[in-house]
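Visitor: Using only what follows, build the 3D model:
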Amino acid sequence: MLSAAGVLAWTTERLAKGADSEALAALAEAVARFPNDAALAVRHADALHLGGQLTTAAAEYRRALLLDPATVDGWNGLGCAELARGAYGETARCLRRALALQPDRLDIRFNLGKALFELGEVDAAIECYRTVVEAGPSPLTGDALATIARIIPGASAADNAAVLKARRAWARGEAKTLGSPRRRPAPGPGGKKLRVGYVSAFFGDRHWMKPVWAAVNNHDRARFEIHFFFDAKAPDAEGGYRDFAEDYVHDVRSAPNDRLAEYIARCGIDILVDLNGYSHPSRLDLFMRRPAPVIVGWFNMFATTGIDGFDYIVGDDAVIPPDEERFYSEGVLRVPGSYLAFNVLYPVPEVTPPPVLAIGSLTFGCFCSQYKITDETIAAFAAILRGAPQARLLLKSRPLADESNRAAVQARFARHGIAAERILMDGPAEHFAFLAAYARVDIALDAFPYSGGTTTMEALWQGVPVLTFNGDRWAARTSRSLLLAAGLDAWCLADRDAFVAQAIALARSPTTPAELAALRGSLRQRLVASPACDGAALCRALERLYEEIAIGPRRP
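Guide: As a prediction, this is how the structure comes out:
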């Protein structure tokens, strides 16, 4: 029979290779024999964790920490288990305890960055990743650089120059491993349809892809041959696609980027349009391989890609002023109206009267993802609540289902003097129910510097006006693009101070309830009649751009 040390050594070696049922059984027996051995308890928790038993693993880590509060592996293991469970507030608490005991552990700091990002503490998360990079080459360096590149547009401390620098740093490092890409020949002379390929991992996400289907369903199939390269679910009617017989749909889920690049080249694609951006980073090096003569980024772009393989990026006048083009590695193309003109092609709840009519005081809301609720955003929301003491704020996002995440958000508001009862928090819901929750909101407040996109469309469609302001980068102006296209200029303020002042004025004004009721009842009709929902016009604009860049001068 093995001693405690013997069991620990044997199971540690086995678990280093992954989940192991024999190691788990041995550890279960060992902790029964040696219940006061903290190291065995940690290793037992590790085995449970690797086996996917996260709740049981967390309980065992806690037992180990009662036995020895100074075990780094216990705090780190518990933090990682809570991270896997989506309890980011508890994750941050545990990993900070671990770092206090062993500050040089880069893996712990990397995972702390993950938790902080999900809570909306984006600047602090980036500092974690930068610490990993600055420590020198390690197995985590590449992942840290890639994560900084992915999340930096939403960092308050960053600016356009910082975004470009971070994304170029990652992209050029990646490109070195690929060699020199082969330039594909430009499309030949007229007489054939222009072949346009769209790449996405999200074709099946109907709530998110509203602008894509609003435009792409309107393509002139007599002039354009449309190809879809999908990584998850194929385009279908349920998602919003009209299923044109002339279109080509390619299942590329199992294709590595090198083979996919050659496949796209064999398909003869003239213009390849990436709809993913950094939301599906594993496909980014596909575009570094130059699989088509012209490569364009559209839809899920809210900053430069920093990738030399992209020739152009599509925006509009509201999101990319001319004097900011120097912060783009791509050529900037602009469409009239909003680059995100959308249609709602699936059942949604009916618009309801604003709740202020029944409650008597205003309820602000923000349904943006929690990672958009930055410290800067919370400071502005808190200033609004201080200036409008009868108002409340409803936040709704997936992480808010967890108690530790709610506590972390409450603590951030408390630092600005806002009592917990004024912040209502809801977790996720099925999409129809999620939209129905807008019946509880009078005015939606935009997040920054990473503004709403889908949430802005959905709030407006449910009759809820969105208050935003002109930010300092594309990511902070997406809502502005939609509001201006919808003719809701008055809801787009000049700057943050004006944003806060206007929200307070609306909450205090005795005429606001009636004004909101009138707007709410007519907003859908106004949207439908505006460029914000003119997918056909957006498609025509995209087609004109495609034809121009296919035959015009190529970027060097």
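Visitor: Could you chop the protein up by domain?
Guide: 4-176, 194-341+536-551, 356-533 (automatic domain parsing).
Visitor: How are the helices of the stretch 301-450 of the chain distributed by residue range?
Guide: Along the stretch 301-450 of the chain, counting by DSSP state H, counting those that start in this stretch, helices occupy 356-359, 375-387, 403-414, 431-436.
Visitor: And the contacts of the last one?
Guide: It refers to helix 431-436. 207, 347-349, 367, 396, 428, 458, 461-462 (C-beta atoms under 8 Å, 6 or more residues apart in numbering). C-beta: built from backbone N, CA, C; applies to glycine.
Visitor: Strands of the stretch 351-500 of the chain, start to end?
Guide: Along the stretch 351-500 of the chain, counting by DSSP state E, counting those that start in this stretch, strands occupy 363-366, 392-396, 423-426, 443-445, 466-469, 492-493.
Visitor: Reformat those strands into JSON lines and put mean neighbour count next to each item.
Guide: JSON lines is the format used below for the strands of the stretch 351-500 of the chain (neighbours: other C-beta atoms under 10 Å):
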{"stretch": "strand 363-366", "mean neighbour count": "22"}
{"stretch": "strand 392-396", "mean neighbour count": "22"}
{"stretch": "strand 423-426", "mean neighbour count": "18"}
{"stretch": "strand 443-445", "mean neighbour count": "25"}
{"stretch": "strand 466-469", "mean neighbour count": "24"}
{"stretch": "strand 492-493", "mean neighbour count": "22"}
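Visitor: could I get those as JSON lines with mean pLDDT and distance to Phe110?
Guide: Output for these, formatted as JSON lines (pLDDT from 0 to 100; distance: least, C-beta to C-beta, whole Å):
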{"stretch": "strand 363-366", "mean pLDDT": "98", "distance to Phe110": "29"}
{"stretch": "strand 392-396", "mean pLDDT": "98", "distance to Phe110": "27"}
{"stretch": "strand 423-426", "mean pLDDT": "98", "distance to Phe110": "28"}
{"stretch": "strand 443-445", "mean pLDDT": "98", "distance to Phe110": "32"}
{"stretch": "strand 466-469", "mean pLDDT": "98", "distance to Phe110": "33"}
{"stretch": "strand 492-493", "mean pLDDT": "98", "distance to Phe110": "38"}
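Visitor: And these: which comes nearest Asp159?
Guide: Between Asp159 and the strands of the stretch 351-500 of the chain, the shortest gap by C-beta to C-beta is with strand 466-469, which sits at 16.3 Å.
Visitor: quick one on the thing from earlier: now which of the contacts of helix 431-436 would you call buried?
Guide: For these, a burial check counting by 16 or more other C-beta atoms under 10 Å picks out 207, 348, 367, 396, 458, 461-462.
Visitor: Tell me where the model's unsure across the chain.
Guide: Low-confidence segments of the chain (pLDDT under 70): 1, 179-191, 552-556.
Visitor: does Gln370 really touch Leu119, like I thought?
Guide: Yes - the criterion here is C-beta atoms under 8 Å, and Gln370 meets it with Leu119 at 6.4 Å.
Visitor: so where do the strands sit in the stretch 101-250 of the chain?
Guide: 194-200, 224-230, 248-251.
Visitor: contacting residues around the shortest one?
Guide: Put plainly, it is strand 248-251. Taking C-beta under 8 Å, 6+ apart as the rule, strand 248-251 contacts 225-230, 234-235, 263, 267.
Visitor: just the buried members of the residues you listed?
Guide: Applying 16+ other C-beta under 10 Å to the contacts of strand 248-251 flags 225-230, 235, 267 as buried.
Visitor: Out of the contacts of strand 248-251, which is nearest to Glu403?
Guide: Phe230 (37.3 Å).
Visitor: Could you check how many residues crowd around the residue nearest to that closest one when sequence neighbours are not counted?
Guide: Computed as C-beta to C-beta, 6 or more residues apart in numbering, the closest residue to Phe230 that is not its neighbour in sequence is Phe203, at 5.0 Å. Using other C-beta atoms under 10 Å, Phe203 has 27 neighbouring residues.
Visitor: okay but Phe203 is in contact with Tyr241, surely?
Guide: Yes - using C-beta under 8 Å, Phe203 is in contact with Tyr241, at 7.2 Å.
Visitor: show me what contacts the residue lying closest to Leu345 once chain neighbours are set aside?
Guide: Among residues not flanking Leu345 along the chain, Gly240 sits closest, at 4.3 Å (C-beta to C-beta, 6+ apart). Applying C-beta under 8 Å, 6+ apart to Gly240 gives the contacts 206, 209-210, 212-213, 217, 343, 345-346.
Visitor: ok, and the most crowded of those residues?
Guide: Val212 leads the contacts of Gly240 on contacts (other C-beta under 10 Å) with 27 neighbours.
Visitor: For that one, which non-adjacent residue is spatially closest?
Guide: Phe299 (5.7 Å).
Visitor: Surely the one you found is within a helix?
Guide: No - under DSSP: H, G, I helix; E, B strand; the rest coil, Phe299 falls outside any helix and is assigned coil.
Visitor: Do I have it right that it meets Pro211?
Guide: Yes - contact criterion C-beta under 8 Å: Phe299 and Pro211 qualify, at 6.2 Å.
Visitor: Mutual contacts of these two, please.
Guide: Joint contacts of Phe299 and Pro211 (C-beta under 8 Å, 6+ apart) are 339-340.
Visitor: gap between the residue positioned nearest the centre of the chain and Ser200?
Guide: Central residue of the chain (C-alpha atoms, centre = their mean): Ser279, 6.5 Å from the mean position. Distance from Ser279 to Ser200, counting by C-beta to C-beta, to the nearest Å: 9 Å.
Visitor: ok, Glu376 - how many residues close by?
Guide: 18.
Visitor: Name the nearest residue to it, ignoring sequence neighbours.
Guide: Per C-beta to C-beta, 6+ apart, closest to Glu376 is Ser156, 4.3 Å.
Visitor: which element is Ala517 on?
Guide: helix 512-528 (DSSP states H and E).
Visitor: For that helix, name the packing helices and strands.
Guide: helix 356-359, helix 454-461 (3 or more C-beta pairs under 8 Å, 6 or more residues apart in numbering; DSSP states H and E).
Visitor: Any chance of these in CSV with distance to Glu548 as columns?
Guide: Formatted as CSV, those follow (distance: least, C-beta to C-beta, whole Å):
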stretch, distance to Glu548
helix 356-359, 48
helix 454-461, 28
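Visitor: picking that back up, adding distance to Pro531 as columns, could you present the contacts of strand 248-251 in CSV?
Guide: Putting the contacts of strand 248-251 into CSV (distance: C-beta to C-beta, whole Å) gives the following:
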residue, distance to Pro531
Glu225, 27
Ile226, 23
His227, 27
Phe228, 26
Phe229, 29
Phe230, 29
Ala234, 30
Pro235, 25
Tyr263, 37
Cys267, 33
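Visitor: just the residues you listed now: which is nearest Ile504?
Guide: Pro235 (44.8 Å).
Visitor: Assess the claim that that closest one and Phe203 are in contact.
Guide: Yes - contact criterion C-beta under 8 Å: Pro235 and Phe203 qualify, at 4.5 Å.
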